[in-house]
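In: Sequence and predicted structure, then a few things I'm wondering about:
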Amino acid sequence: MNSRALREAARAVLPEGAFLRRDRGEALFVTDAPRIAASAPWRESLAEAGFAIVERGGLAFLTPGPVWLSRLEKAFPEPPDDFCQGFIRFAGREIEQESLALFVLGARILDGEADDGRFDRRLRQRAAVCMRDKSTSGGGLYACALLTHLTKEA
């Protein structure tokens, strides 16, 4: 998986003429699709493609859902590097909301957003919390670590 896969999956179901841009907030992408086609089936198609949608002010903010993290983990059943090896313990667990938020940040970096080191820092901090606190599964952290690997390859 690369950032193009996410972008192409979203772009494929948006109405003609709708823009798709990297979000500057908490989502991965933003689109004006609600203004272009208010009643079209693009919403259902995006949900089927694995995106969560939040609409505000005539815009739709798209966030990859757990299916994207699971797909990435399945694409790398063996860790591709030593860093990812440290996160393999979190593979296959139920995806947590904190991991989804981290995944969005990593996917934005993979898509070209400037990386100031916050993704790596937050990923390591979250893993440390999950290893200490047994009430959190850490599900999705392996997928986030894989994004680090993919970013280095890009």
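Out: Looks like it arrived, so ask away.
In: Distance-wise, check residue 11 relative to residue 129.
Out: To residue 129, residue 11 is 35 Å away according to C-beta to C-beta, to the nearest Å. Bear in mind the C-beta positions are built from the backbone N, C-alpha and C, glycine included.
In: pretty sure residue 52 is touching residue 60, no?
Out: No. Contact between residue 52 and residue 60 fails when scored by C-beta atoms under 8 Å: they sit 10.3 Å apart.
In: helices and strands around the helix or strand of the chain with the lowest mean pLDDT, which ones?
Out: Here the helix or strand of the chain ranked lowest by mean pLDDT, DSSP states H and E is helix 3-11, holding a mean of 90. Secondary-structure packing of helix 3-11 (3 or more C-beta pairs under 8 Å, 6 or more residues apart in numbering; DSSP states H and E): strand 20-22, strand 29-31, helix 97-110.
In: can you pull out the strands in this protein?
Out: 20-22, 29-31, 51-56, 59-64 (DSSP state E).
In: Would you mark the buried spots in the third one?
Out: Along strand 51-56, these residues count as buried under the neighbour rule (16 or more other C-beta atoms under 10 Å): 51, 53.
In: Adjust the sequence numbering to begin at 392 for everything that follows.
Out: Okay, using 392 as the starting number, the last item reads as strand 442-447.
In: Show me what that strand is in contact with.
Out: 400-401, 418, 425, 434, 437-438, 451-456 (C-beta atoms under 8 Å, 6 or more residues apart in numbering).
In: As TSV, these with distance to residue 537 would be great.
Out: Shown next, in TSV, are the contacts of strand 442-447 (distance: C-beta to C-beta, whole Å):
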residue	distance to residue 537
400	18
401	20
418	20
425	32
434	29
437	23
438	24
451	27
452	24
453	20
454	18
455	13
456	17
